[in-house]
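1. Let's see this in three dimensions:
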Amino acid sequence: MRLPSRLILALAAATLAACVPPETPTGKSDFDALCAGCHGLGGKGDGDMAAMLDQKPADLTTLSAKNNGHYPGTEIMAQIWGYAKPQGRVMPEFGPLLEGDLVPFDSGDGILTPTPIRLVQLEQYVRGLQEK
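-> Residues are numbered from 1 along each chain as shown. Alright, predicted model coming up:
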(Lines give C-alpha, C1' and ligand atoms only; values in the text may rest on other atoms or scores of the structure.)
Protein backbone atom coordinates (compact mmCIF):
# COMPACT_ATOMS: atom_id res chain seq x y z
CA MET A 1 0.00 0.00 0.00
CA ARG A 2 1.38 3.35 -1.00
CA LEU A 3 0.70 6.42 1.16
CA PRO A 4 -0.39 9.66 -0.51
CA SER A 5 2.40 12.24 -0.73
CA ARG A 6 0.39 14.76 1.32
CA LEU A 7 0.14 12.26 4.18
CA ILE A 8 3.87 11.58 3.98
CA LEU A 9 4.60 15.33 4.12
CA ALA A 10 2.24 15.79 7.07
CA LEU A 11 3.89 12.92 8.97
CA ALA A 12 7.35 14.29 8.19
CA ALA A 13 6.35 17.76 9.41
CA ALA A 14 4.88 16.35 12.63
CA THR A 15 8.04 14.32 13.25
CA LEU A 16 10.26 17.37 12.73
CA ALA A 17 8.05 19.53 14.97
CA ALA A 18 8.46 16.98 17.75
CA CYS A 19 12.26 17.35 17.47
CA VAL A 20 12.26 21.12 18.01
CA PRO A 21 12.96 21.96 21.65
CA PRO A 22 10.31 24.05 23.41
CA GLU A 23 10.84 27.80 23.43
CA THR A 24 12.79 29.03 26.43
CA PRO A 25 10.47 31.15 28.59
CA THR A 26 11.18 34.88 28.73
CA GLY A 27 9.80 37.61 30.96
CA LYS A 28 7.48 38.66 28.16
CA SER A 29 6.25 35.16 27.40
CA ASP A 30 5.60 34.50 31.10
CA PHE A 31 3.85 37.87 31.43
CA ASP A 32 1.68 37.14 28.40
CA ALA A 33 0.80 33.68 29.72
CA LEU A 34 0.40 34.40 33.44
CA CYS A 35 -0.36 38.11 33.87
CA ALA A 36 -1.90 39.65 30.76
CA GLY A 37 -5.27 37.96 31.24
CA CYS A 38 -5.91 40.23 34.23
CA HIS A 39 -3.35 43.04 33.94
CA GLY A 40 -3.59 43.40 30.14
CA LEU A 41 -0.80 43.15 27.58
CA GLY A 42 0.34 46.67 28.45
CA GLY A 43 0.04 46.10 32.21
CA LYS A 44 -2.69 48.73 32.72
CA GLY A 45 -5.06 46.39 34.61
CA ASP A 46 -7.37 46.04 31.63
CA GLY A 47 -6.98 42.39 30.66
CA ASP A 48 -9.81 40.26 29.30
CA MET A 49 -10.47 38.77 32.77
CA ALA A 50 -10.42 42.12 34.63
CA ALA A 51 -14.13 42.80 34.19
CA MET A 52 -15.00 39.46 35.84
CA LEU A 53 -12.97 40.15 38.99
CA ASP A 54 -14.35 41.68 42.18
CA GLN A 55 -11.17 43.72 42.59
CA LYS A 56 -9.63 45.57 39.63
CA PRO A 57 -6.11 44.33 38.83
CA ALA A 58 -3.30 46.76 39.57
CA ASP A 59 -2.01 49.10 36.89
CA LEU A 60 1.55 47.78 36.72
CA THR A 61 2.77 50.77 34.71
CA THR A 62 2.51 53.12 37.70
CA LEU A 63 4.34 51.12 40.36
CA SER A 64 7.37 53.43 40.37
CA ALA A 65 5.23 56.59 40.29
CA LYS A 66 3.20 55.37 43.28
CA ASN A 67 6.45 54.67 45.15
CA ASN A 68 8.16 58.09 44.81
CA GLY A 69 10.02 57.09 41.65
CA HIS A 70 11.46 53.90 43.19
CA TYR A 71 10.53 50.65 41.48
CA PRO A 72 9.72 48.11 44.22
CA GLY A 73 11.27 45.09 42.48
CA THR A 74 11.63 42.87 45.55
CA GLU A 75 8.04 43.50 46.57
CA ILE A 76 6.89 42.76 43.03
CA MET A 77 8.72 39.42 43.06
CA ALA A 78 7.17 38.59 46.44
CA GLN A 79 3.70 39.33 45.01
CA ILE A 80 4.31 37.24 41.90
CA TRP A 81 5.79 34.33 43.83
CA GLY A 82 3.08 34.43 46.47
CA TYR A 83 5.18 35.32 49.54
CA ALA A 84 3.33 38.60 49.98
CA LYS A 85 -0.17 37.82 51.09
CA PRO A 86 -1.88 41.11 51.87
CA GLN A 87 -5.39 40.92 53.23
CA GLY A 88 -7.86 40.58 50.39
CA ARG A 89 -5.25 39.21 47.96
CA VAL A 90 -6.94 37.97 44.81
CA MET A 91 -3.83 37.38 42.71
CA PRO A 92 -2.88 33.71 42.38
CA GLU A 93 0.50 32.45 43.54
CA PHE A 94 2.75 31.77 40.56
CA GLY A 95 5.83 30.52 42.42
CA PRO A 96 5.49 26.85 41.46
CA LEU A 97 5.13 27.81 37.78
CA LEU A 98 8.38 29.79 37.89
CA GLU A 99 10.62 27.22 39.57
CA GLY A 100 13.75 26.21 37.72
CA ASP A 101 17.29 27.43 37.24
CA LEU A 102 18.54 29.91 39.82
CA VAL A 103 20.56 33.06 39.21
CA PRO A 104 22.20 35.38 41.76
CA PHE A 105 19.94 38.39 42.27
CA ASP A 106 20.82 41.58 44.16
CA SER A 107 17.71 43.38 45.37
CA GLY A 108 19.74 46.47 46.17
CA ASP A 109 21.22 45.43 49.49
CA GLY A 110 24.43 44.04 47.98
CA ILE A 111 23.52 40.46 48.88
CA LEU A 112 23.31 38.01 45.99
CA THR A 113 20.38 35.69 46.58
CA PRO A 114 19.74 32.58 44.44
CA THR A 115 16.45 33.38 42.69
CA PRO A 116 14.55 31.55 39.94
CA ILE A 117 15.59 33.08 36.63
CA ARG A 118 12.00 33.19 35.38
CA LEU A 119 10.97 35.25 38.41
CA VAL A 120 13.82 37.70 37.77
CA GLN A 121 12.94 37.91 34.08
CA LEU A 122 9.29 38.56 34.88
CA GLU A 123 10.20 41.26 37.41
CA GLN A 124 12.49 42.89 34.85
CA TYR A 125 9.73 42.80 32.24
CA VAL A 126 7.30 44.54 34.62
CA ARG A 127 10.06 47.06 35.43
CA GLY A 128 10.19 47.86 31.70
CA LEU A 129 6.44 48.64 31.69
CA GLN A 130 6.90 51.65 34.00
CA GLU A 131 5.67 54.95 32.62
CA LYS A 132 8.31 57.65 32.59
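2. CA atoms for contacts and neighbours, from now on please.
-> Fine.
3. how about the helices in this structure?
-> Using DSSP state H, the helices found in the chain span residues 5-19, 27-30, 36-39, 73-81, 117-128.
4. weakest of those helices in terms of mean pLDDT?
-> Out of these, helix 5-19 stands lowest, with a mean of 56 (criterion: mean pLDDT).
5. what about the residue lying closest to T74 once chain neighbours are set aside, distance to R127?
-> Closest residue to T74 apart from its sequence neighbours, by CA to CA, 6 or more residues apart in numbering: S107 at 6.1 Å. From S107 across to R127, the span is 13 Å (CA to CA, to the nearest Å).
6. Neighbour count for these two, which is higher?
-> R127 (19 against 13; other CA atoms under 10 Å).
7. That one against H70, yeah?
-> No - look at R127 against H70 with CA atoms under 8 Å: they stay out of range, at 10.4 Å.
8. returning to what we had before: what's the overlap in contacts for S107 and R127?
-> Any residue near both S107 and R127 by CA atoms under 8 Å, 6 or more residues apart in numbering counts here, and that gives G73.
9. Look up how far C35 lies from the residue nearest to T74.
-> Separation of S107 from C35 (CA to CA) stands at 22 Å.
10. Over to A78?
-> Per CA to CA, A78 is found 15 Å from C35.
11. now swap in A51 and tell me
-> From A51 to C35 the distance is 15 Å (CA to CA).
12. out of these two, which sits in the busier spot?
-> C35 (22 against 13).
13. so how far is P114 from that one?
-> Plainly put, C35 is 23 Å away from P114 if you go by CA to CA.
14. What of A58?
-> Counting by CA to CA - A58 and P114 are separated by 27 Å.
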